[in-house]
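# Dropping the sequence and predicted coords here.
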Amino acid sequence: MLDTALKPLLEVRNVCQSYVTGSGDVGALVLDHVSLSLKDGEIVGMLGRSGSGKSSLLRIISGLAKPIDGEVTFRGQLVRGPFEEIAMIFQSAALFPWLSVLANVELGLRAKKVPRREARARAVRAIDLIGLDGFESAFPKELSGGMRQRVGFARALVVNPEILLMDEPFSALDVLTAETLRTDLLDLWVEGRMPIKSILMVTHNIEEAVLMCNRILVLASNPGRISAEIQVNLPHPRNRLTAEFRQLVDRIYALMTRRTEPAQPSGPFPGLGLGMGLPKVSTNLLAGLMETIAAPPYRGRADMPALAEHYQMEIDDLFPVAETLQLLRFAEIEEGDIKLTAAGSRFAEGDVDVRKRLFGDHLRTYVPLAARVRMVLDERPSHVARAARFLEELEDYMSEDYAEQTLKSVIDWGRYGELFAYDETSETFSLENPT
């Protein structure tokens, strides 16, 4: 059992962060007064949808980014930049291809002026610990994705950090490789063979969080803030098939889909009107999800954990699809379930023409940017408008990258719903095809 009376190793107090818009101004909040602590001997997971600022928070904790407000302290000392007691592992190991495994692992020690002999001995021990003994002289191109990520772990552990930050370290790996690496890491942790005292990890995989963590922080989105904290008291090793495990997974899905305030006209997406950022979701996925929910065994209402298992999708893949259906009023999300509306059922049962017409009508009604594009095209004698005209408007509300993603989503959805045509070469909208 953890001693809750222990003073936290790390504390995050009222941290706020904002986007920078395409025009260079400070935009909407990414993180809104986030506070958390990390104690000795625990693994803490952070779960949240896109827009909850998980990775932004992790970068602030690591000292790689500076918040606009609030502070991070390690053992009472303010974290103002990279801290040698805090190491971080990213989604990709980002190894230097011209260096061997041993040289890649030694790199951080060399930067700290550790004597060559000591650096070599520590690197060899870290490589052995993480299961890569015998590959010291190999180069990254000779390694599989899982082995390269193991090198990333060894490079983080060799500096003997007290806290290990992990930003979706298994997400870029195939399912079996990720499971093997996750299990090996947990075994090292449970056996006390790693030098670290605590782990803080960002994950999009609810089962992974329940499998690994002592505590799970659920972040709400737009802006990111901690909406729930869940203690996981299951003993290691944990079994995914037990009733207790499944109940925790279902509880987290329910928490992550619960509305904390009355629904706004813009749905669950950030901003109002044109400031509503949109995810990159294909119409094929939207149609496929509606068809699946409409068919047996769901018959119009599905448990989201079951859907995630059916599609082999993680929360950051499934939630944007489900939320887009909610935005377009084709579905409702509540307490971890997704239910088709009457319009969603009509879409699932309709032929191609019915689907396109229904989708176009809902897009024009519930997505302000799509309605704006169509209105401009209708009003202009030429019925033509450049994409840059709308992109500039979006950049008043969001970053350049998010503005481009939002416009691309509207282009794809509008084409499917036959609201307008779009020419990729000239980057112009027109009414060439719509009826």
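Received it, and whenever you're ready, just let me know what you need. Residues are numbered from 1 along each chain as shown.
# Tell me, what's the model's pLDDT at residue 28?
We have a pLDDT of 70 for residue 28.
# Name the nearest residue to it, ignoring sequence neighbours.
Sequence neighbours aside, residue 19 is the residue nearest to residue 28 in space, at 5.8 Å (criterion: C-beta to C-beta, 6 or more residues apart in numbering). Any C-beta I mention is one placed from the backbone N, CA and C, and that applies to glycine too.
# wait, is that neighbour part of a strand?
Yes - using DSSP: H, G, I helix; E, B strand; the rest coil, the assignment for residue 19 is a strand.
# Please work out how many residues are found near it.
Other residues within reach of residue 19, judged by other C-beta atoms under 10 Å, total 21.
# now it: how far from residue 188?
Distance of residue 19 to residue 188, computed by C-beta to C-beta, to the nearest Å: 37 Å.
# Over to residue 225?
33 Å.
# same deal with residue 58?
Distance from residue 58 to residue 188, counting by C-beta to C-beta: 21 Å.
# pLDDT below threshold where in this protein?
Along the chain, segments meeting pLDDT under 70 span 1-6, 20-27, 51, 259-273, 433-435.
# Can you verify my assumption that the residue nearest to residue 28 contacts residue 396?
No - look at residue 19 against residue 396 with C-beta atoms under 8 Å: they stay out of range, at 11.8 Å.
# Name the residues that touch stretch 235-244?
With contact meaning C-beta atoms under 8 Å, 6 or more residues apart in numbering, stretch 235-244 is reached by 186, 190, 207, 210, 211, 234, 245, 246.
# check which helix or strand covers residue 152.
Residue 152 is part of helix 145-157 when elements are defined by DSSP states H and E.
# Return the distance of that helix from the chain's centre.
Taking C-alpha atoms, centre = their mean, to the nearest Å, one finds the center of helix 145-157 at 21 Å from the center of the full chain.
# So which elements touch that helix?
Contacts defined by 3 or more C-beta pairs under 8 Å, 6 or more residues apart in numbering; DSSP states H and E place helix 145-157 against strand 86-89, helix 101-111, helix 116-129, helix 175-190.
# and with 6 Å instead?
strand 86-89, helix 101-111, helix 116-129 (3 or more C-beta pairs under 6 Å, 6 or more residues apart in numbering; DSSP states H and E).
# out of these, deepest packed?
Sort these by mean neighbour count, taking mean count of other C-beta atoms under 10 Å, and strand 86-89 sits at the top with a mean of 22.
# Can you name every helix or strand that that strand contacts?
Applying 3+ C-beta pairs under 6 Å, 6+ apart, one finds that strand 86-89 contacts helix 145-157, strand 163-167.
# closest to residue 85 out of the ones you listed?
strand 163-167 (6.5 Å; C-beta to C-beta).
# For that closest one, which residues meet the burial criterion?
Within strand 163-167, the residues that count as buried by 16 or more other C-beta atoms under 10 Å are 163, 164, 165, 166, 167.
# Ok, stretch 287-295 next?
287, 289, 290, 293, 294.
# now that stretch: how far from the chain's centre is it?
Using C-alpha atoms, centre = their mean, the offset of stretch 287-295 from its chain centre is 24 Å.
# Please apply the same query to stretch 41-59.
Counting by C-alpha atoms, centre = their mean, stretch 41-59 is centred 8 Å from the centre of its parent chain.
# for stretch 197-212, same thing?
Its chain's C-alpha centre and that of stretch 197-212 lie 13 Å apart, by C-alpha atoms, centre = their mean.
# I figured the residue nearest to residue 28 hits residue 399, correct?
Yes - with contact defined as C-beta atoms under 6 Å, residue 19 reaches residue 399; the gap is 5.0 Å.
# what kind of secondary structure is residue 114 in?
Following three-state DSSP, the label given to residue 114 is coil.
# ok, and the closest non-adjacent residue to it?
Excluding its sequence neighbours, the residue lying closest to residue 114 (C-beta to C-beta, 6+ apart) is residue 122, at 7.4 Å.
# Verify the contact between that neighbour and residue 159 for me.
No - using C-beta under 6 Å, residue 122 is not in contact with residue 159; the gap is 8.5 Å.
# Extract the CA atoms of stretch 93-112 and return them as CSV.
Only the C-alpha atoms of stretch 93-112 are listed here, as CSV (Å, rounded to 0.1, in the frame of the first residue of the first chain):
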residue,chain,number,x,y,z
ALA,A,93,12.3,6.7,-29.8
ALA,A,94,13.8,9.2,-32.2
LEU,A,95,17.2,7.6,-32.2
PHE,A,96,20.2,8.9,-34.0
PRO,A,97,20.6,6.5,-37.0
TRP,A,98,24.3,6.9,-37.3
LEU,A,99,24.9,5.8,-33.7
SER,A,100,24.9,2.3,-32.3
VAL,A,101,22.4,1.2,-29.6
LEU,A,102,25.2,1.6,-27.0
ALA,A,103,26.1,5.1,-28.3
ASN,A,104,22.5,6.2,-28.4
VAL,A,105,22.0,5.2,-24.8
GLU,A,106,25.3,6.8,-23.7
LEU,A,107,24.4,10.1,-25.3
GLY,A,108,22.7,11.7,-22.3
LEU,A,109,25.5,10.7,-20.0
ARG,A,110,28.1,12.1,-22.3
ALA,A,111,26.2,15.4,-22.3
LYS,A,112,26.4,15.4,-18.5
